[in-house]
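Trainee: What would the 3D arrangement of this be:
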Amino acid sequence: MSLLAKPGAHHKALLSQAHALHLNQVIDADDLSDLLELADGALAFAVESLLDIDSDQ
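Mentor: Take a look at the predicted model:
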């Protein structure tokens with residue numbers, strides 16, 4: 001799934017996977033927090049990139 005094609009769906013998938021890792025005790029709460037921050041950063045990047053693309057056209 002491309003981040004720029006479907007940023008909301010990509011973000012949701014990242015959040016879901018991070019929570020699953022935490023639920024299955026593969027990662028701890030600190031790692032979960034880090035993954036959630038990275039997912040939010042990816043979403044922000046995608047939205048900003050799409051806004052830049054739209055403003056260039």
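Trainee: Check whether I27 sits in a helix, strand or coil.
Mentor: Under the three-state scheme (DSSP: H, G, I helix; E, B strand; the rest coil), I27 adopts coil.
Trainee: wait, isn't it in contact with A20?
Mentor: No - here I27 lies out of contact with A20, judged by Cβ atoms under 8 Å, at a distance of 9.8 Å. (Each C-beta comes from the backbone N, C-alpha and C, glycine too.)
Trainee: which of those two has more neighbours?
Mentor: I27 (17 against 11; other Cβ atoms under 10 Å).
Trainee: now the helices for this structure?
Mentor: Along the chain, counting by DSSP state H, helices occupy 7-23, 29-56.
Trainee: how far does the helix-or-strand element of the chain with minimal mean pLDDT sit from the chain's center?
Mentor: Every helix and strand of the chain was ranked by mean pLDDT, DSSP states H and E. The lowest is helix 29-56, at a mean of 93. The chain centroid and the centroid of helix 29-56 are separated by 6 Å under Cα atoms, centre = their mean, to the nearest Å.
Trainee: swap in stretch 22-31?
Mentor: For stretch 22-31, the distance to the chain centre is 17 Å (Cα atoms, centre = their mean).
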